[in-house]
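Visitor: Starting from these lines, generate the structure:
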Amino acid sequence: MMRPPRWKQLVAIALLFVAAASSAAHAQQQMVVVPTRIIYPGDVITPEAIDSVPLRRKLRDPSAIIYRYDDLGGKVARRTLLPGRLIPVGSVRDAWLVERGSTVQALFQHGSLEITVSGVPLENGSVGDLIRVRNIDTGVVFTGIVLADGSVKVTAS
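Guide: Numbering: from 1, shown residues only. This is a model prediction of the structure:
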């Protein structure tokens, strides 16, 4: 005849199931990046200032935070980032490629016609930003898109 299980055996079995479920959930836990020190607005985010930690709670909007350092590489803080806190997507920006007051080359192309002039940006800009530029020779203000090489491409309007 089979002996009925004792309550201690049932508790031990239940604890094993809870431990197994907990370790499985921990293994599937999502990782996020958080600052290891205070990062002030305008500071470039470096690998030394970031640590990867497990996400401890479910988020209402998972797309609102940054999960990997690759998404932060070379970016600049827009606002103060505190140690151990999640980093919202809107709290970082690309580094300025073109700075207000510096000199840039503005390029206009239309078919085989190509005109290059020197200009002074009136705004800071990253790659792909639309900024205003003042022609150094004529003083005319025009808009253009910042290119990866630091020049500004002007389109016909």
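
Visitor: what residues are up against residue 124?
Guide: Residue 124 makes contacts with 96, 98-100, 131, as judged by C-beta atoms under 8 Å, 6 or more residues apart in numbering. Backbone N, C-alpha and C define where each C-beta goes, glycine included.

Visitor: Tell me how many other residues surround the residue nearest to it when sequence neighbours are not counted.
Guide: Spatially, and ignoring its direct neighbours in sequence, residue 124 is nearest to residue 96 (4.4 Å; C-beta to C-beta, 6 or more residues apart in numbering). Neighbourhood size, residue 96 [other C-beta atoms under 10 Å]: 17.

Visitor: Assign residue 96 to helix, strand or coil.
Guide: coil (DSSP: H, G, I helix; E, B strand; the rest coil).

Visitor: contacting residues for it?
Guide: 76, 124-126.

Visitor: related to what we said a few turns ago, in ChimeraX, how would I select the buried members of the contacts of residue 124?
Guide: Per 16 or more other C-beta atoms under 10 Å, the buried members of the contacts of residue 124 correspond to this ChimeraX selection:
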select :96,98,131
